[in-house]
Structure formats: C-alpha cells, structure tokens
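Enquirer: Need coordinates for the following:
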Amino acid sequence: QGELGIWASLLGQEAAQIGSGRALGANDMVFPTYREHGVAYCRNVEPLRLLGLFRGVNHGGWDPAKFGFHLYTIVIGSQTLHATGYAMGIQRDGVLGTPSAGATIAYFGDGATSQGDVNESFVFASVFNAPIVFFCQNNQWAISEPLERQSRIPLYKRAQGYGFPGLRVDGNDVFACLAVTKKALEDARDGQGPTLIEAFTYRMGAHTTTDDPTRYRLKAEEEAWKLKDPIERLKAYIVRNDLAGADFFEDVEAEAKKGATELRRQCLELPDPAPLAIFENVYAEPHPMMTEEQEQFAAYLASFEDEEVSS
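Expert: Okay, the predicted model is just below:
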C-alpha cells in the first residue's frame, strides 16, 4: 500500500532465525542485516520499532545495548566487521570462560560472502580467536544471482581456509538451528574462537518489495521449497507428538491476526520526524563538517518560511 518505503521479508527463513535467536544469552550481542525480524523478536525488540526504519521516520528506533541487538545494517556485509570488533572487545575485557562472558553473532546472506568486508572479518576473527559466530542464511539467491555465481564450494567450507570450524545445518529445522547455534555460542564464550554456520534455507518471497523474483527464478523451484516450509514442518512435529491440539493453533492464528491489525494501526500513527533530526546522534561529539551541513540545511528550510511570509 506504499506505507513503507521498502520491506525485506523473512518468509521461508523463520526456522533459521528463531532457532538461532533462541540460542542467544543475555550477554550476547547480535549484529543483523535488514532481514532479521525473527531474531529481533527473540530479543524482545517490538516489531513497530523495525517498521520505523523502513517507513523512513527513524534510523533504527531501539537501543542496541538494552536489547543486545544492534541496529539494522543496510550495507551488505559491513556488520560482520562491526561484530568482529565488538567480539575482540569482549575478549579484551577478560571475561571469556566466566559466567559473565558474552559472544557476538553476525547474520548475513550467501551473497554477502562475496563481499570483502565478510572475508576481512573472517581473517581478523580467526587470527585473534574472537568470540563470534558467523551465521550465514544461505537462501539460495543473492538478489537475482544464484548460489553457483557466488561460490564453487559449499559456503561452510570456506571457514577451513581461515582456520576455524564451519558447518552446514538444515535452515528449515528450528531445533537443529537452535542446537548448532547454542553450541557455537558456548564455544565462543569459552574462548574457543569463531564458528561459521551455514543455514541452508530458501527465500520464498522477493528480495525486497522492489524486487520481482519471477524475472530470474523458476516457479517450480519455489513450489519444491514450499513443501519444506519451516512453520508447517514444526506444526506437523507438534501434532505428530501430541504436544498441542487444534485449540492451540486456533489461538495462535487469532493472536497473530490481532497483532498484525494492531501493528498496521500503530505504523500509520508513527509521527514524521523534524527535518533537522537527521543530524542527531550521528557522532558522539560535534563534527565540523556535520555542523556545517546542518547549518546549510537549516538555512534551506528557513528559505521556505521567508517565501511564505513575503507572499
């Protein structure tokens, strides 16, 4: 409906995100891309806070330190360097191997593995034995480029060249994602260094709302992955093991619909920021170039007020 400037869906990747997100500890810090809505949910970041960024009314409406969840990163792969630096800071705090130890986890897609930033972060994390988990959601498509255009080998095997463990997990199995991420984070907190996890999954929708996947991939491929839907798979497991009945699923569906309706209402009520707010919280201290740009923009805005007065 045009209420958001853009949106990146996680459809098809729910198990990878929720499974890994539930493995996080209180002292861990997440460095996401722009698609980790499920992980944000696990860290108690309200969905409305995410929508503000895509609606263009804030730069990320939550406190990373409060939630252990950094702001969304739009530049492909850059968050892996941020996560590695943060992990090296944890290492220098001297808390690894203690109950107060934390680790970082950096999320990225298969396409990001072709970025220099990601490979540089692998080097630093390896040689400094940083407490970090690299969580790659291999959803098969880097926008319009298939996996075979990104790598000649399975992505998890790249870790071998940098000297730390790598493994592939079924990204549509929420329990498997939980188990491997929990183990990797425990190893990181104990001082055993980084791990690369490749969650093998599929992006069911478009890359973003500006994308048309019918231009580059076959419908038959999507239909094949529909049969592996992670939510339906979990539902089947629950039913098969008599863990819940029909009433439970009806309640979940009703709660989801109610939540979606309320979220849409709240999104429409998000206030537009003051134009000069874009200059706030960019640097910790005043910056000469930023101050100059702010003054120029303020003068530009004031020129419209002058025109209204003169008219």
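Enquirer: List the contacts of stretch 266-280.
Expert: Contact with stretch 266-280 is made by 3-4, 48, 51-52, 55, 57-59, 290, 293-294, 297-298, 301, as judged by C-beta atoms under 8 Å, 6 or more residues apart in numbering. (Glycine included, C-beta is placed from N, CA and C.)
Enquirer: Please repeat the previous calculation with a cut-off of 7 Å.
Expert: Contacting residues not belonging to stretch 266-280 are listed as 3, 48, 51-52, 55, 57-58, 290, 294, 297-298, 301 [C-beta atoms under 7 Å, 6 or more residues apart in numbering].
Enquirer: just stretch 174-186 next, same as before
Expert: Outside stretch 174-186, the residues that touch it by C-beta under 7 Å, 6+ apart are 15-16, 18-20, 22-23, 25, 28, 103, 105, 133, 135, 167, 169-171, 195, 197, 199, 230, 234.
Enquirer: Would you map the strands across this structure?
Expert: Per DSSP state E, the chain carries strands over the ranges 29-31, 104-109, 132-138, 141-142, 145-146, 166-170, 195-200.
Enquirer: Deepest in the core, which of the ones you listed is it.
Expert: strand 132-138 (a mean of 30; mean count of other C-beta atoms under 10 Å).
Enquirer: Residue 6 touches residue 54, doesn't it?
Expert: Yes: under the criterion of C-beta atoms under 7 Å, residue 6 is in contact with residue 54, at a separation of 5.9 Å.
Enquirer: Count the neighbours of residue 122 for me.
Expert: 24 (other C-beta atoms under 10 Å).
Enquirer: Which residue is the nearest non-sequential neighbour of it?
Expert: residue 162 (4.4 Å; C-beta to C-beta, 6 or more residues apart in numbering).
Enquirer: got it, and residue 243?
Expert: In space, and not counting its chain neighbours, residue 243 is closest to residue 237: 7.9 Å by C-beta to C-beta, 6+ apart.
Enquirer: That neighbour and residue 23, how far apart?
Expert: Shown here: residue 237 relative to residue 23, a distance of 18 Å by C-beta to C-beta, to the nearest Å.
Enquirer: Neighbour count: these two, which is higher?
Expert: A direct count of neighbours by other C-beta under 10 Å for residue 237 and residue 23 places residue 23 higher, at 22 against 13.
Enquirer: need the contact list for that one.
Expert: Contact partners of residue 23, counting by C-beta under 7 Å, 6+ apart, are 178, 181-182, 185.
Enquirer: what sits against the nearest residue to residue 38 once chain neighbours are set aside?
Expert: In space, and not counting its chain neighbours, residue 38 is closest to residue 17: 3.1 Å by C-beta to C-beta, 6+ apart. Contact analysis of residue 17 by C-beta under 7 Å, 6+ apart lists 10, 36, 38-39.
Enquirer: Using JSON lines, lay out those residues together with pLDDT and distance to residue 75.
Expert: Conversion of the contacts of residue 17 to JSON lines gives the following (pLDDT from 0 to 100; distance: C-beta to C-beta, whole Å):
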{"residue": "10", "pLDDT": "96", "distance to residue 75": "19"}
{"residue": "36", "pLDDT": "98", "distance to residue 75": "15"}
{"residue": "38", "pLDDT": "98", "distance to residue 75": "21"}
{"residue": "39", "pLDDT": "98", "distance to residue 75": "18"}
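Enquirer: From those residues, pick the one nearest residue 206.
Expert: Of all the contacts of residue 17, the one sitting nearest residue 206 is residue 10; the distance, using C-beta to C-beta, is 12.0 Å.
Enquirer: State the number of residues packed around that closest one.
Expert: Here the neighbour count serves as a burial measure; for residue 10 (other C-beta under 10 Å) it reads 22.
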